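Student: Kindly generate the corresponding structure for this input.
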Amino acid sequence: MNDTEVREVEVQVEPGVRLHLRHRAASRSGATPFLLVHGLSSNARLWDEVAGALAAAGHPSWAVDLRGHGESDAPGSGYDTGTAAADLAAVITALGLHRPVVAGQSWGGNVVVRLAAEHPELPGAIGLVDGGWIDLHAAFPDWQSCERALRPQDIDGRPAAAMRQWLASGHPDWSDTAREATLANMRIRADDTVERRLTIPHHLEILRSMWDGPPGPDLPLVAVPALLLPALGPQDDRADPVRRAAAALPGATVRWYPGGDHDLHAQHPDMIAADLLTLVAR
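Tutor: Have a look, this model is predicted:
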């Protein structure tokens, strides 16, 4: 992908809160647009290769950095699924996107489900990339156990070179673009050490929001086609929540990715783009 093809966009979603987006135009006018939403402690750049494939197919895309992530503002509040969904609604309205396909990965999938449930007039279809059905209540007996298990490591001050080496060894099948995009979850300091963009307290606020507001009640309210892309196969022990979510959605299709990474959009960008493009014809 050639980064010169990406245009940086800013949208104010509420007074004093600006979200950053990466926009990739397409030559075909009138094509269905895509809004791409990252997961918890991730960033818009993870979608770059998917966006390139969408553009090659003639579709424009906007990949958003949610508040506190990437290059977006980090206000003192608003780190919850409901506010993130409201921010997406503000972005769609501000950009004048007509019935976009809205795709979210991990927590971003939960956010997209909330958007579709509360603003049925905005998305034309939704894509859920290993997320949208994440229910922390089903995985942990209580919030304290959840917090202990999912609290992120304090990596501030680690050498960026060590993080690059870790990414290369942990994801040998990812492209350099995807690994560098993952490194962009952190800032690189002048001394070539890293620090988190999303602070641990804000990370935990989002987790608590996921605990308090699982997507189950939102799923039956989604009135547009939905494509579920789980990073597992239909025989996996964790497949039942995916099936339950698909059954709760009025118009859902599942495309399984056996043995896939949680960041499917980084691991298999061309396949994810091809699957998301099937939503255009529905």
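Student: Please enumerate the helices of the stretch 51-200 of the chain.
Tutor: Using DSSP state H, counting those that start in this stretch, the helices found in the stretch 51-200 of the chain span residues 81-95, 107-118, 136-139, 143-150, 160-170, 176-183, 200-212.
Student: of those helices, which approaches residue 58 most closely?
Tutor: Comparing the helices of the stretch 51-200 of the chain against residue 58 with CB to CB, the closest turns out to be helix 81-95 (18.3 Å). For every residue, glycine as well, the C-beta is placed using N, CA and C.
Student: What helices and strands are in contact with that closest one?
Tutor: Using 3 or more CB pairs under 8 Å, 6 or more residues apart in numbering; DSSP states H and E as the contact criterion, the neighbours of helix 81-95 among helices and strands are strand 6-14, strand 17-24, strand 34-37, strand 61-65, helix 107-118, helix 200-212.
Student: how about the ones you listed, which one is nearest residue 154?
Tutor: When the helices and strands packed on helix 81-95 are ranked by distance to residue 154, counting by CB to CB, first place goes to helix 200-212 at 6.8 Å.
Student: For the next helix or strand after that closest one, C-alpha coordinates in PDB please.
Tutor: For helix 200-212, the following helix or strand on the C-terminal side (DSSP states H and E) is strand 226-229. Coordinates of each C-alpha in strand 226-229 appear next as PDB, following Å, rounded to 0.1, in the frame of the first residue of the first chain:
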ATOM      1  CA  ALA A 226     -24.700  -8.600   9.200                       C
ATOM      2  CA  LEU A 227     -21.600 -10.600   8.400                       C
ATOM      3  CA  LEU A 228     -19.900 -12.400  11.300                       C
ATOM      4  CA  LEU A 229     -16.200 -13.200  10.700                       C
END
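Student: How far away from the center of its chain is strand 226-229?
Tutor: The chain centre lies 13 Å from the centre of strand 226-229; the measure is CA atoms, centre = their mean, to the nearest Å.
Student: pLDDT averaged over stretch 261-272 - what is it?
Tutor: Taken as a whole, stretch 261-272 has a mean pLDDT of 98.
Student: How many neighbouring residues does residue 70 have?
Tutor: The local packing count at residue 70 equals 25, with neighbours defined by other CB atoms under 10 Å.
Student: residue contacts, it?
Tutor: Applying CB atoms under 8 Å, 6 or more residues apart in numbering, we find residue 70 in contact with 20, 38, 43-45, 184, 197.
Student: how close does the most far-flung residue of the chain relative to its centre get to residue 161?
Tutor: Seen from the C-alpha centroid of the chain, the residue lying at the greatest distance (CA atoms, centre = their mean) is residue 191, 30.0 Å away. Computed with CB to CB, to the nearest Å, the distance linking residue 191 and residue 161 is 12 Å.
Student: List the contacts of the nearest residue to residue 186 once chain neighbours are set aside.
Tutor: Excluding the flanking residues, the one nearest residue 186 by CB to CB, 6 or more residues apart in numbering is residue 194, at 4.0 Å. Neighbouring residues of residue 194 by CB under 8 Å, 6+ apart: 155-160, 163, 183, 186-188.
Student: can you list those residues in CSV and add distance to residue 276?
Tutor: As requested, the contacts of residue 194 are exported to CSV (distance: CB to CB, whole Å):
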residue, distance to residue 276
155, 31
156, 35
157, 38
158, 34
159, 36
160, 32
163, 29
183, 25
186, 27
187, 30
188, 31
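Student: Of the residues you listed, select the buried ones using a ChimeraX command.
Tutor: If you want just the buried ones from the contacts of residue 194 in ChimeraX, going by 16 or more other CB atoms under 10 Å, the selection is:
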select :155,160,163,183,186
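Student: Now compare the contacts of residue 194 and name the two farthest from each other.
Tutor: For the contacts of residue 194, the farthest-apart pair by CB to CB is 157 and 183; their separation is 15.1 Å.
Student: Tell me the one of the contacts of residue 70 nearest residue 61?
Tutor: Using CB to CB, the shortest approach to residue 61 within those belongs to residue 44, at 10.1 Å.
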